[in-house]
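In: Pasted the sequence and its predicted model underneath.
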Amino acid sequence: MFRLYCTCALLVCFAAATAAQQPAASAPSTPTSYRVFMRGTLIGREDVTVQRNAGGLTIVSQGRLAAPLNVAIKKAEFKYKPDGSPELFTFEGNTNNSDVTVRTAFTDTTAVTQGTQGGKPINVTHSVTSGVVLLPSGIFSAYAALAQRLVGVAPKTRLRAYVLPEAEIGVLVTAITAEQIQVGTSLLKVRRYDLTFGTTAGDLAVSVVAGEDGSLVRVGIPSQGLDVVREDVASPTARTQVYSNPTDEPVIIPVAGFNLGATLTRPKAGAASRLPAVILLSGSGGDRDGFAFGVPIIGQLAGALADAGFLIVRYDKRGFGQSGGRAESATIGDYADDARAVVRWLLERKDVDPKRIALVGHGEGAWVALLTAAREKRVAAAAFIEAASSSGADLALDQQQYELDHLGLKPDERDKKIALQKQIQTAVITGKGWEGISANERKATDTPWLQSFLTFDPAKVIHDVRQPMLIVHGALDKEVPVAHADRLADLARKQSDSKSVEMVIVRGVNHLLMPAVTGELAEYPELTDRTVSKDVSGAIGAWLTKTFAAIK
């Protein structure tokens, strides 16, 4: 996908859900450690103790989070009654260099918060729905209660949450997926809950991964690059098996200085000894399956293209999953170098036809495929799915415009957000003009990846592409509108040395390659058919077959 930080989005927002099936009583536990990452960088940890008994649920934590969260937790404690309703929250610590002491007591419909922050008194009273879960900003141990509450809920369930001490919001369970996490050679069965939080700034996607017993494993807010991961699962030897095909095979691919964790998907038995190969490149996420909004886009494409007779390889991006390297310093150029390493690895395999290796990229991965094809002439063909034709800077502003159109802001508020977004982008590109931009916003945006994204322009790369090209686009794509496909095809035909440029527009398909009605982002959670359209995979498979057949 093509998604990035915009100033109209929240930096961090936390919320949760109402009571559901209650897990059985547990004995006192030893603390469980969680690592907190912001855009791939470790910024802190929390040690969390969870105990359930006849008196209810108690969660206690301590820890420290560096910028941009800046929270030191001496002690945070949550108490819930046996029926799941909140009873008491206490906090002692420091936020943004200001000492904070807070106590929130609950009746069935009222939350009363008292305390001090920086020597100033806090006294707030809110009406709340009975049974809400508490998730104060920057205290991730609170998600342990949410994980237990989610046991037994069904997709499309609507819940309530209290973002203490600010407001109560709605939460929608958009999807529930059974997964396995591989830690070394052991497998942990978990469930991934995809949630949509109804914040004042618009809908926010949050994922919670929990064990079958409701124990918290992971929390993710993709739009903010935030991940909270249980320590054993954060190990380089661990990866989430989000999606698998019957002929998947785990492999390790060496690159300069580290390895890429990858998966080969083979055609069914009876295939030729020398197979045409396809490298799949995912969008803005880091995992090899291209998991987005409950859809393993790349994993499903791998299975469909393998069934069409191709050997498929997909891999975790550097710094993610089982791949080494540093995600925080990676650029689009670095990702292209990694893809070239995968090409070299395939060329050395006896089961691969070295003359028939193709690249297929989705979203941001399409740009990586474009740049890789321009640099690596041993690639025989390249397909670009939902690819943007404008520069990254222009695309970011267009996407912000799209989001602002759905927020209903006043004209002056809208103009301020657009002006700030332009200022940040200019500062990221030039290194100048950071005056008036907060340290947290700069830390979140002044990164090598964002600079490479904003400055990337397909028009400056496509003239070096000589291979046959296929451009595939969903007619209902709202993240990268279908007009981008027409412009990219025009650029390819006029500026490249390719002798074959084809374009396929797939009707009724959105940016996730799913059948859709409107294509709007708000529609994603409501779609019942959560599989990649056969019209998309069929078009790519047919084009690859025809293109490879013409190679002598």
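Out: In hand now; what should we look at? Residues are numbered from 1 along each chain as shown.

In: For residue 233, see how far away the nearest residue to residue 232 once chain neighbours are set aside is.
Out: Closest residue to residue 232 apart from its sequence neighbours, by CB to CB, 6 or more residues apart in numbering: residue 183 at 5.7 Å. For every residue, glycine as well, the C-beta is placed using N, CA and C. Applying CB to CB, to the nearest Å, the value for residue 183 to residue 233 is 7 Å.

In: more neighbours, those two?
Out: Just comparing residue 183 and residue 233: by other CB atoms under 10 Å the higher neighbour count belongs to residue 233, 20 against 14.

In: The nearest residue to residue 86 once chain neighbours are set aside: how many residues sit nearby?
Out: Closest residue in space to residue 86, ignoring its immediate chain neighbours: residue 106 at 4.7 Å, by CB to CB, 6+ apart. The number of residues packed near residue 106 is 22, by other CB under 10 Å.

In: all strands for the stretch 351-500 of the chain, in order.
Out: 352-362, 381-385, 469-474 (DSSP state E, counting those that start in this stretch).

In: residue ranges with poor pLDDT in the stretch 201-350 of the chain?
Out: 201, 235-242, 270-272 (pLDDT under 70).

In: for this protein, where's the lowest mean pLDDT among helices and strands?
Out: Between all helices and strands in the chain, the lowest mean by mean pLDDT, DSSP states H and E belongs to strand 238-241, at a mean of 60.

In: Following element in sequence after that strand, please.
Out: Per DSSP states H and E, the first helix or strand lying C-terminal to strand 238-241 is strand 248-255.

In: and that following strand, which strands flank it?
Out: Sheet pairing of strand 248-255 (DSSP bridges) gives strand 258-265 (antiparallel).

In: contacting residues around the partner strand?
Out: Identification of contacts with strand 258-265 by CB atoms under 8 Å, 6 or more residues apart in numbering yields 239, 245, 247-254, 288, 302-303, 305-306, 311-316, 318, 321-325, 338, 341-342.

In: What are the buried residues along that strand?
Out: 259-265 (16 or more other CB atoms under 10 Å).

In: what does stretch 347-367 give?
Out: Residues of stretch 347-367 classed as buried by neighbour count (16+ other CB under 10 Å): 349, 352-353, 356-367.

In: Stretch 47-57 now?
Out: 47-50, 52, 56-57.

In: so which strand or helix has the residue nearest to residue 122 when sequence neighbours are not counted?
Out: Nearest non-adjacent residue to residue 122, counting by CB to CB, 6+ apart: residue 115, 4.5 Å away. Assigned by DSSP H and E, residue 115 falls within strand 110-117.

In: Quick one: name whatever helix or strand follows that strand.
Out: strand 120-127.

In: From the contact counts, what lies against that next one?
Out: strand 110-117, strand 167-183 (3 or more CB pairs under 8 Å, 6 or more residues apart in numbering; DSSP states H and E).

In: Is residue 259 bridged to anything, and to what?
Out: So, taking DSSP bridges as the rule, residue 259 has residue 254 as bridge partners.

In: Distance from the chain centre to stretch 316-335, please.
Out: 14 Å (CA atoms, centre = their mean, to the nearest Å).

In: mind listing what's buried in it?
Out: Quick answer for stretch 316-335 (16+ other CB under 10 Å): 316-325, 327-328, 330-332, 334-335.

In: Mind listing residues that contact it?
Out: Contacts for stretch 316-335 (CB under 8 Å, 6+ apart): 39-41, 236-240, 252, 255, 257-262, 281-282, 286-288, 315, 338, 364, 367-368, 371, 447-449, 451-453, 456.

In: First-to-last residue distance for it?
Out: 11 Å (CA to CA, to the nearest Å).

In: Please apply the same query to stretch 195-203.
Out: 10 Å.

In: ok, now stretch 381-396?
Out: One end of stretch 381-396 sits 28 Å from the other (CA to CA).

In: now stretch 402-412
Out: End-to-end distance for stretch 402-412, by CA to CA: 17 Å.

In: How far does it sit from its chain's centre?
Out: On CA atoms, centre = their mean, the centre of stretch 402-412 falls 24 Å from that of its chain.

In: now swap in stretch 309-317 and tell me
Out: Worked out by CA atoms, centre = their mean, stretch 309-317 lies 20 Å from the chain centre.

In: Tell me the secondary structure at residue 536.
Out: Classification of residue 536 by DSSP: H, G, I helix; E, B strand; the rest coil places it in helix.

In: That one - how many residues pack around it?
Out: Counted with other CB under 10 Å, residues neighbouring residue 536 total 25.

In: Could you list every helix and strand in contact with the longest helix anywhere in the chain?
Out: The residue-count maximum for a helix in the chain (DSSP state H) belongs to helix 411-430. If you count contacts as 3+ CB pairs under 8 Å, 6+ apart, helix 411-430 packs onto helix 392-405, helix 439-445, helix 448-455.

In: buried ones in it?
Out: Applying 16+ other CB under 10 Å to helix 411-430 flags 414, 417-418, 420-425, 427-428 as buried.

In: Over to stretch 483-501?
Out: For stretch 483-501, by 16+ other CB under 10 Å, it's 484-485, 488-489, 491-492, 495-496, 498, 501.

In: Extract the residue ranges of the stretch 451-552 of the chain that are flagged as low pLDDT.
Out: For the stretch 451-552 of the chain (pLDDT under 70), the answer is none.

In: Can you name every helix or strand that the helix or strand hosting residue 73 contacts?
Out: Counting by DSSP H and E, the element that carries residue 73 is strand 71-80. Secondary-structure packing of strand 71-80 (3+ CB pairs under 8 Å, 6+ apart): strand 56-65, strand 86-95.

In: can I assume residue 551 sits in a helix?
Out: No - applying three-state DSSP, one finds residue 551 to be coil, outside a helix.

In: Name the nearest residue to it, sequence neighbours excluded.
Out: The shortest distance from residue 551 to any non-neighbouring residue, by CB to CB, 6+ apart, is to residue 355 (5.5 Å).

In: if I pick the nearest residue to residue 97 once chain neighbours are set aside, what's in contact with it?
Out: Spatial nearest neighbour of residue 97, excluding adjacent residues (CB to CB, 6+ apart): residue 70 at 7.2 Å. Residue 70 is in contact with 95-97, counting by CB under 8 Å, 6+ apart.

In: re the thing from before, just the mean pLDDT for the strand holding residue 115, thanks.
Out: What strand 110-117 shows for mean pLDDT is 92.

In: same question, stretch 361-374
Out: Here the average pLDDT along stretch 361-374 is 96.

In: Also stretch 122-134?
Out: For stretch 122-134, the mean confidence score works out to 90.

In: Likewise for stretch 149-158?
Out: 91.

In: Which positions in that stretch come out as buried?
Out: By 16+ other CB under 10 Å, the buried positions in stretch 149-158 come out as 149-151, 153, 157.

In: Now do the end-to-end distance for stretch 134-152.
Out: 19 Å.

In: which parts of it are buried?
Out: Neighbour counts over stretch 134-152 (16+ other CB under 10 Å) mark 134-151 as buried.

In: mind listing what the strand holding residue 115 pairs with, with the direction of each?
Out: Here, using DSSP bridges, strand 110-117 pairs with strand 98-106 (antiparallel), strand 120-127 (antiparallel).

In: May I see the ones you listed arranged in JSON lines, with distance to residue 208 as well?
Out: Shown next, in JSON lines, are the strands paired with strand 110-117 (distance: least, CB to CB, whole Å):
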{"stretch": "strand 98-106", "distance to residue 208": "22"}
{"stretch": "strand 120-127", "distance to residue 208": "24"}
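
In: hey, which of those strands is tucked in deepest?
Out: Comparing the strands paired with strand 110-117 by mean neighbour count (mean count of other CB atoms under 10 Å), strand 98-106 comes out on top with a mean of 17.

In: was I right about residue 300 contacting residue 533?
Out: No - counting by CB atoms under 8 Å, residue 300 does not reach residue 533; the two are 9.8 Å apart.

In: Write a ChimeraX command that selects only the buried members of the contacts of strand 258-265.
Out: Those of the contacts of strand 258-265 that count as buried under 16+ other CB under 10 Å are selected in ChimeraX with:
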select :239,245,247,248,253,288,302,303,305,306,311,312,313,314,315,316,318,321,322,323,324,325,338,341,342
